[in-house]
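> Sequence first, then the predicted structure, then my questions.
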Amino acid sequence: MQVEKGYGEKILELDREELSCSYPFLAPAIYGLKPVASPGFGFRYAISREGDSFLYDPEGLIEDFVAGKDTAAYFLHSVLHCLLYHPHFTSRHGDRELWNLSADICIRDIMCRLGKEGTDDTWMQEEMVLKDLRQRIPVLNAEAIYSVLEKGSVFPELFHADDHIFWSVPGKKDTRQEISESLNKWERITREVELSLQRSKRSFRGRGDLAGYFTEVLENIERRQMDYDAFLERFGAYGEIVKTDPDSFDYSLYTYGLELYGDMPLIEPPEYSERKTVREFAVAIDTSLSCSMELIRHFLEKTYDILFMSMESTKGDKMIIFQCDNEIKNETVIWDREELKRYMSKVPVQGRGGTDFRPVFKRIEELINKERLSNLGGLLYFTDGDGIFPETPPEYKTAFVMPYGSNLKKIPPWALKTGLSV
C-alpha cells in the first residue's frame with residue numbers, strides 16, 4: 001500500500017485534538033508524547049527508548065484508520081504507559097513478558113473507564129479477565145497485577161496494543177542520566193495531570209467519578225521504588241565550577257603552540273566547566289515517625305553522599321537539618337561528612353508528637369529572607385506523609401521521602417515523592 005507522506009501525521013494530529021477535548025486533564029500527557037513516523041522498523045506502534053516519542057508505521061496506521069479502528073485509542077494507550085512509568089520500571093521486574101502484560105492490563109482497565117472499551121475480537125475475553133482482577137485488586141495498577149499474575153494466571157494472547165521492544169534493551173544498561181531525564185519529564189507531566197484532576201470533578205459517559213479513580217491510580221504508582229540515587233540527582237543544578245575542564249580542552253592547538261614557539265602554548269586550559277552541583281540543601285526529619293535510627297541514618301548518609309560528594313562540591317557547601325513534629329525541635333547546619341557523622345552519633349531524634357510540616361517551610365522562608373540561605377537546592381522531608389501540609393507550594397524543589405510501604409496518597413501533587421529502604 002503506497003501512502004502519501006503526511007497522512008499518518010494528520011490522522012494523529014486529529015486524534016490528539018479529539019483526546020484532549022474528551023479528556024482535558026490528560027492534555028499535558030497527550031501533548032507530551034510526540035508522534036514520529038517510523039516506517040520499516042517491524043512494529044505498528046511503540047514508545048521510543050527515551051520515552052518522549054510515539055513511533056508508528058504510517059502504512060499500518062492508515063490501514064487501521066481505513067478499517068474503522070480507533071487509532072486515537074492506540075495513541076492513548078501508549079500515552080498512559082508513559083504517564084504511569086511502565087517503560088521505566090521494566091528492569092525492576094524479573095519476568096519482562098509478564099510485566100509487559102501487567103502494564104497492558106492496567107491500561108486496558110483505564111481505557112474502559114475512559115469509554116474506550118475496544119472493538120477487536122478479544123474484547124469480551126479481556127473484559128472477563130478484568131472483572132476477575134477487579135474483584136481481587138482494589139486498584140488495577142501494573143505492580144499489583146504483576147503480583148497476581150506471578151501466581152499463575154497468564155493471558156499472553158490478550159491485551160496487546162503497542163510494541164514494548166524499546167522498554168528494555170537486552171545487553172544494554174540505561175545510564176543514570178537517561179533514566180533521570182526521562183523520569184523527570186514524566187514526573188512533571190504526572191504532577192500536572194494530578195493538579196488538573198484535583199480541579200476536575202466531572203464524570204465521563206456515566207462511568208462514575210473517573211477523576212477520582214484516575215487520581216487513585218496515580219497515587220498507587222510504585223514511584224517509591226525509583227532508584228534513590230537517580231531521584232536525588234534531579235536536585236542538582238548546573239553551574240560554573242572554577243577548575244580546569246579537560247573535556248573541552250583543544251589539545252591540537254595547545255601542542256601546535258608548543259611546537260611553534262618552544263614552550264608557549266597558543267591557549268590555556270579553560271578555567272570554567274559546567275557541572276552539576278548543590279551548594280545548599282535542607283533536610284527535615286519527621287520525628288513523629290515511628291522509624292528506626294538505622295533508617296534515618298541511612299537516609300542522611302545517602303542524601304549527603306549523592307548531593308555533596310558524587311556531584312561537584314565547593315567550599316561552603318552546607319546541609320541544614322531540621323527535626324520537627326508539630327514544631328521544630330532541632331536545627332543543625334552540617335558543613336562536611338565528618339560533622340554529619342558526629343551529628344548522627346550524638347544527637348538523638350527529638351519529638352514524637354503530631355506532625356505539622358508547615359513550621360519547616362516557614363523557617364526556611366525566614367532563612368532565605370535573612371540571606372542565610374542564598375542558593376537553596378531544595379528540601380527533602382523524611383516522613384510517613386501523615387500531617388498538615390502548606391496550602392501553597394514553595395518556590396524551591398520539595399520532595400517527601402518515605403519508608404517503603406508508606407501511604408503516598410496524602411502527599412500534595414506539587415511535591416515529588418519517593419521511598420527508601422535500607
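Done, it's in.
> any idea which helix or strand comes after the helix or strand containing residue 342?
Assigned by DSSP states H and E, residue 342 falls within helix 337-346. Following helix 337-346 in sequence order, the next helix or strand is helix 358-369 (DSSP H and E).
> can you give me the strands in the protein?
With DSSP state E as the criterion, the chain has strands at 34-37, 45-47, 53-56, 237-242, 272-277, 280-286, 318-324, 328-334, 376-382, 398-403, 416-420.
> State the distance from residue 296 to residue 403.
Distance, residue 296 to residue 403, by Cβ to Cβ, to the nearest Å: 10 Å. To be clear about C-beta, it is placed using only N, CA and C from the backbone, and glycine gets the same treatment.
> Domain map for the protein?
Annotated domains of the chain cover 7-221, 231-236+278-420, 238-276 [automatic domain parsing].
> and those as TSV, adding mean pLDDT and mean neighbour count?
Compiled in TSV, the domains of the chain are given as follows (pLDDT from 0 to 100; neighbours: other Cβ atoms under 10 Å):
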stretch	mean pLDDT	mean neighbour count
domain 7-221	79	17
domain 231-236+278-420	80	17
domain 238-276	51	12
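> follow-up on the earlier one: okay, angle between the helix holding residue 342 and strand 318-324 too, please.
When axes from the mean of the first three to the mean of the last three Cα atoms, to 10 degrees is applied, the directions of helix 337-346 and strand 318-324 differ by 20 degrees.
> Would you mind getting the angle between helix 337-346 and strand 328-334?
Going by the same axes, to 10 degrees, helix 337-346 makes 150 degrees with strand 328-334.
> quick one on the thing from earlier: make a markdown table out of the strands of the chain and add distance to residue 150.
Formatted as a markdown table, these follow (distance: least, Cβ to Cβ, whole Å):
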| stretch | distance to residue 150 |
| --- | --- |
| strand 34-37 | 34 |
| strand 45-47 | 24 |
| strand 53-56 | 30 |
| strand 237-242 | 41 |
| strand 272-277 | 38 |
| strand 280-286 | 34 |
| strand 318-324 | 40 |
| strand 328-334 | 43 |
| strand 376-382 | 31 |
| strand 398-403 | 24 |
| strand 416-420 | 21 |
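> And those: which comes nearest residue 108?
strand 45-47 (14.8 Å; Cβ to Cβ).
> And the closest one, what does it pack against?
Applying 3 or more Cβ pairs under 8 Å, 6 or more residues apart in numbering; DSSP states H and E, we find strand 45-47 packed against strand 53-56, helix 71-83.
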